[in-house]
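1. next come a sequence and a model predicted from it.
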Amino acid sequence: METFDSNHIAATRYWKSLPDGRVECDLCPRYCKLREGQRGLCFVRANQRGKIVLTTYGRSSGFCVDPIEKKPLNHFLPGSPILSFGTAGCNLACKFCQNWDISKSRETDTLADEASPGTIARAALALGCRSVAYTYNDPVIFHEYAIDVAQACHEQGILSVAVTAGYVCPEPRAEFYRYMDAANVDLKAFTEAFYHKLTGGHLEPVLDTLRYLKHETGVWIELTTLLIPGENDSEGELQEMTAWVVETLGPDVPMHFTAFHPDWKMRDRPATPAATLSRARRIALANGVRFAYTGNVYDEEGGSTYCHHCGSKLIGRDWYVLTEWNLGADAKCPDCGTVCAGRFESVPGTWGARRQAVRLRDFAV
């Protein structure tokens, strides 16, 4: 239900009034306590007339058709195009943010495109997209807008993908993921010290979200970790993280280890060597992760999918282009018959590496 006004202000549910006159936002574990007119750290949720409202409903920093592998998702509709969009702001303060121009911006700096949920669903259908991605900044902070878009998309047979850091409170999390079909969760590191120092957040709420997704929903999940030299790339931390994933989430949850590039407030750090990503992938595989990938570097082996039982190549990838497709019926390995975990269709998509900007006004009614 689209409950917003001409100023793109939408009512929200997850807040409570405090005795001192402030209002506490209960959407994420920051629990921002705001006086009249103040905004939370995310910048897009504000106290207006004693209530928390979303100030960016129906506005976006832009729409683009991407390969789904760019999210990254390697086991969810491979080769298919996905309509991607985000808004502005973020509820974390990552010093290494690779999308800082969007996530750290003020809404009026970047929100040049407008679209109702119905318009987005129509656009996805017309553009041949099997799914829509809530990405570029975290959809947690535009919770109401994302849910309305997902509902409109489901009516058109379009699936929804959340690209998120997983930093959200339990009650809104349960509502949000009722409408999501897949998620790539950014597990930024496996120490509280990293989260506290470099993101301004905490590790445990993210782990709790991952447990919830795996054990209490049917959402397909994949994990991404941006490896930063000297911060979260030690062998000990990677051993602990990957062992936890296998024990807690199971061996079939794919893990993506991606390369850091100097950006935002960490321009003094070197880019991640390709060897670091390959080492992380080897550690994950040795610890029982069945599907481990490298990203942001050219590595055909690290980007391809192999049967965890016999080692046969099931899906070949050159960056975002599928070069081989050897999955048999029911996603089985043609050599040994082992099923590959994921959400696959009988024929892969052929979108390739294209990136197509879209103006949603062309699909408005």
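-> All right, it came through fine. Numbers count the residues shown, from 1 in each chain.

2. which parts of stretch 298-318 are buried?
-> For stretch 298-318, the neighbour count (16 or more other C-beta atoms under 10 Å) marks 299, 302-308, 313-317 as buried. Where C-beta positions appear, they are placed from N, C-alpha and C, glycine not excepted.

3. brain fart, stretch 236-249
-> Residues of stretch 236-249 classed as buried: E237, L238, M241, T242, A243, V245, V246, L249 (neighbour count, 16+ other C-beta under 10 Å).

4. out of those, who's nearest F85?
-> L249 (27.9 Å; C-beta to C-beta).

5. how about the closest one: what's its closest non-neighbour residue?
-> Closest residue in space to L249, ignoring its immediate chain neighbours: K214 at 4.7 Å, by C-beta to C-beta, 6 or more residues apart in numbering.

6. got the buried residues for the helix or strand harbouring that neighbour?
-> Per DSSP states H and E, K214 falls inside helix 204-216. For helix 204-216, the neighbour count (16+ other C-beta under 10 Å) marks P205, V206, L207, D208, T209, L210, Y212, L213, K214 as buried.

7. just give me the closest of the buried residues of stretch 236-249 to R279.
-> Nearest member of the buried residues of stretch 236-249 to R279, counting by C-beta to C-beta, is L238, at 7.7 Å.

8. just confirm the closest one is within a strand.
-> No - assessed with DSSP: H, G, I helix; E, B strand; the rest coil, L238 is helix; it does not lie in a strand.

9. average model confidence for the helix holding K214?
-> Averaged across helix 204-216, pLDDT comes to 98.

10. and the next helix or strand past that helix?
-> Remark: after helix 204-216, the chain's next helix or strand is strand 220-227, criterion DSSP H and E.

11. list the neighbouring strands of that next one plus their orientation.
-> strand 182-186 (parallel), strand 255-259 (parallel) (DSSP bridges).

12. hmm, back to that, which residues touch the residue nearest to L249?
-> The contact partners of K214, taken as C-beta atoms under 8 Å, 6 or more residues apart in numbering, are I221, T248, L249, G250, V253.

13. between those residues, which sits nearest R343?
-> I221 (10.9 Å).

14. could I get the full set of helices for this structure?
-> Remark: helices assigned in the chain by DSSP state H are 100-103, 107-110, 117-126, 143-155, 170-177, 192-194, 204-216, 235-244, 274-286, 300-303.

15. what lies in contact with stretch 193-207?
-> Applying C-beta under 8 Å, 6+ apart, the contact partners of stretch 193-207 are 29-30, 41, 91-96, 165-169, 185, 187-192, 228, 231-232, 244, 248, 266.

16. now, which of the residues you listed lie within strands?
-> Assignment to strands by DSSP state E places the following of the contacts of stretch 193-207 there: V185.

17. give me the buried subset of the contacts of stretch 193-207.
-> 29-30, 41, 91-96, 165-169, 185, 187-191, 228, 231-232, 266.

18. can you count the residues close to G118?
-> Using other C-beta atoms under 10 Å, G118 has 19 other residues around it.

19. burial check on the residue lying closest to it once chain neighbours are set aside, number of neighbours?
-> Take G118 and drop its neighbours on the chain: the residue closest to it by C-beta to C-beta, 6+ apart is A152, 5.1 Å away. A total of 21 residues lie near A152 under the criterion other C-beta under 10 Å.

20. between the strands paired with strand 220-227, which one is nearest to D362?
-> Short answer: strand 182-186, nearest of the strands paired with strand 220-227 by C-beta to C-beta, at 26.7 Å.

21. average pLDDT for that closest one?
-> Mean pLDDT, computed over strand 182-186, is 98.

22. which residues touch L92?
-> By C-beta under 8 Å, 6+ apart, the neighbours of L92 are D138, A165, Y167, T199, G200, G201.

23. how about a cut-off of 7 Å?
-> By C-beta atoms under 7 Å, 6 or more residues apart in numbering, the residues touching L92 are A165, Y167, T199, G200, G201.

24. biggest separation within these, which pair?
-> Distances among the contacts of L92 were taken as C-beta to C-beta; the most separated pair is A165 and G200, at 11.3 Å.

25. ok so, going back, export the contacts of K214 to a markdown table and tack on distance to F76 and pLDDT?
-> Below are the contacts of K214 laid out as a markdown table (distance: C-beta to C-beta, whole Å; pLDDT from 0 to 100):
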| residue | distance to F76 | pLDDT |
| --- | --- | --- |
| I221 | 9 | 98 |
| T248 | 21 | 98 |
| L249 | 16 | 98 |
| G250 | 16 | 98 |
| V253 | 12 | 98 |
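
26. quick one on the thing from earlier: now the buried residues of stretch 298-318 in TSV, with distance to R173?
-> Conversion of those to TSV gives the following (distance: C-beta to C-beta, whole Å):
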residue	distance to R173
D299	33
G302	31
G303	30
S304	33
T305	29
Y306	33
C307	34
H308	30
K313	36
L314	32
I315	31
G316	36
R317	31
